[in-house]
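1. Quick one: sequence plus predicted model below, questions after.
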Amino acid sequence: MNQLQGKNVAVIGGGTGIGAGIARELAMAGANVTVGGRRREPLEALSQATASPVKIRTHTIDVADNGSIETFFQDFRANVGDVDILVNSAGINIVKRTMAEMDPDEWDRVLRINATGAYRCMHQVLPSMRDRRDGLVVNISSVAGKRAISLGGVVYCASKFAMTAMGTAVANEVRHEGVRITNVYPGEVNTPILDNRPVPVSQEHKESILQPQDIAGIVLSICLLPPRACVPEIVIKPTTQEWV
Ligand SMILES: NC(=O)c1ccc[n+]([C@@H]2O[C@H](COP(=O)([O-])OP(=O)(O)OC[C@H]3O[C@@H](n4cnc5c(N)ncnc54)[C@H](OP(=O)(O)O)[C@@H]3O)[C@@H](O)[C@H]2O)c1
């Protein structure tokens with residue numbers, strides 16, 4: 001309890017799914033967590049439902065909009081302080097995800113949210129992390145950022161490979177400045193993103209795959225490591241999911 005007391009955390013895409021699981025876990029460990037997403041309702045619902053030592057703060061953000069990103073982090077700096085831990089969990093996929101079916105405009109939209117959005121959020125927090133020689137960024141990539149699996153589709157895989165490369169390249173740049181970056185590559189997790197699958201996912205399957213708290217537990221242990229220890233990458237998948 002309270003192992004993360006005094007840590008300021010921003011979870012982008014924190015209203016639902018994996019982000020919400022991580023926000024809850026870190027808040028229950030005593031962190032001062034702010035969750036961001038486009039819709040206010042899920043953010044508020046999470047805050048209300050979590051009996052954490054410090055109440056979860058909420059602030060809307062659209063990572064496809066640079067001005068919105070700036071506003072979110074300006075508010076954070078003014079009302080909370082410097083970001084100690086940033087979790088990039090905002091992400092989308094599209095239903096028509098093969099090259100044959102997808103609308104080319106969706107290429108821009110998915111990359112803008114999944115890749116550029118994560119880059120821009122990182123860009124907001126890194127200067128103060130470097131100055132203070134302390135900070136952790138957790139990027140929720142995907143197994144689709146390691147293998148171009150058909151389940152993910154063309155642009156989702158491209159966006160997650162971008163996130164993978166960005167996290168690794170920036171981690172190497174800042175490794176002597178006290179800043180750590182972890183790319184997390186989950187396999188299938190039972191979250192609302194599954195509602196956008198081309199083939200509906202059965203309840204039985206949802207119950208058999210990873211749950212948001214499985215990812216959250218790993219992220220908490222990464223947050224609790226001493227500053228000398230960094231986990232650059234971690235793959236976690238349902239036991240039953242193929243990994244080749
Ligand atoms: N579930 C899986 O099987 C799985 C596996 C590997 C990786 N992932 C990754 O995990 C991350 C979280 O996804 P999830 O599975 O937890 O699904 P989710 O519940 O749909 O979470 C995605 C979150 O991102 C937010 N978001 C979407 N577009 C946004 C934007 N433009 N600006 C700000 N926030 C935005 C959504 O809130 P709003 O709609 O309110 O903005 C939502 O809360 C994603 O990056 C996803 O690619 C998921």
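-> Cool, got the structure.

2. contacts and neighbour counts: CA atoms only from here.
-> Will do.

3. and the spatially most central residue of the chain, how far is that from I140?
-> What sits nearest the mean C-alpha location of the chain, by Cα atoms, centre = their mean, is S89, with 1.9 Å. Note on S89: its distance to I140, by Cα to Cα, to the nearest Å, is 5 Å.

4. Kindly report the same for N114.
-> As judged by Cα to Cα, N114 and I140 stand 10 Å apart.

5. And the contacts of stretch 152-161?
-> For stretch 152-161, contacts defined as Cα atoms under 8 Å, 6 or more residues apart in numbering pick out 92-93, 97-99, 106-107, 110-111, 114-115, 141-142, 144-149.

6. starting at the chain centroid, how far to it?
-> Relative to the centre of its chain, stretch 152-161 is centred 16 Å away, using Cα atoms, centre = their mean, to the nearest Å.

7. what's the following helix or strand after the longest strand anywhere in the chain?
-> Scanning the chain for the longest strand, with DSSP state E as the assignment, gives strand 179-186. Downstream of strand 179-186, the next assigned helix or strand under DSSP states H and E is helix 203-208.

8. Quick check: phi and psi at the closest residue to A51 other than its chain neighbours.
-> Excluding its sequence neighbours, the residue lying closest to A51 (Cα to Cα, 6 or more residues apart in numbering) is M28, at 7.5 Å. Backbone torsions for M28, taken as degrees, to the nearest 10, come to phi -70, psi -20.

9. and what of the one 4 residues further on?
-> For N32, the backbone dihedrals (degrees, to the nearest 10) come out as phi -100, psi 100.

10. Which residues does it form beta bridges with?
-> Beta-bridge pairing for N32 (DSSP bridges): N8.

11. how much space is there between it and the ligand?
-> Distance, N32 to the ligand, using Cα to the nearest ligand atom, to the nearest Å: 19 Å.

12. Please tell me I have it right and that residue contacts N2.
-> No: between N32 and N2 there is no contact under Cα atoms under 8 Å: 10.4 Å.

13. Of the two, give the one with the bigger neighbour count.
-> Higher neighbour count among N32 and N2: N32, with 25 against 15, using other Cα atoms under 10 Å.

14. quick one: the longest strand of the chain to chain centroid distance?
-> Its chain's C-alpha centre and that of strand 179-186 lie 9 Å apart, by Cα atoms, centre = their mean.

15. Residues contacting that strand, please?
-> With Cα under 8 Å, 6+ apart as the test, strand 179-186 has contacts from 129-130, 133-146, 164, 167-168, 170-171, 174, 215, 230-237.

16. Please tell me how far the residue located most distally from the centre of the chain sits from N88.
-> In the chain, counting by Cα atoms, centre = their mean, A100 sits farthest out from the average C-alpha position, at 29.1 Å. Between A100 and N88 the computed distance is 30 Å (Cα to Cα).

17. What parts of the chain come near the ligand?
-> Contact residues, the chain versus the ligand (Cα under 6 Å from any ligand atom): 13-19, 37-39, 61-64, 89-92, 113, 140-142, 186-193.

18. In helices, which of the residues you listed fall?
-> Judged by DSSP state H, the subset of those located in helices is 17-19.

19. Show me the helices in the protein, by range?
-> 17-28, 40-49, 66-79, 104-111, 117-132, 154-174, 203-208, 212-223.

20. now the ones you listed in JSON lines, with mean pLDDT?
-> Supplementary listing: the helices of the chain in JSON lines, determined by pLDDT from 0 to 100:
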{"stretch": "helix 17-28", "mean pLDDT": "98"}
{"stretch": "helix 40-49", "mean pLDDT": "98"}
{"stretch": "helix 66-79", "mean pLDDT": "98"}
{"stretch": "helix 104-111", "mean pLDDT": "98"}
{"stretch": "helix 117-132", "mean pLDDT": "98"}
{"stretch": "helix 154-174", "mean pLDDT": "98"}
{"stretch": "helix 203-208", "mean pLDDT": "98"}
{"stretch": "helix 212-223", "mean pLDDT": "98"}
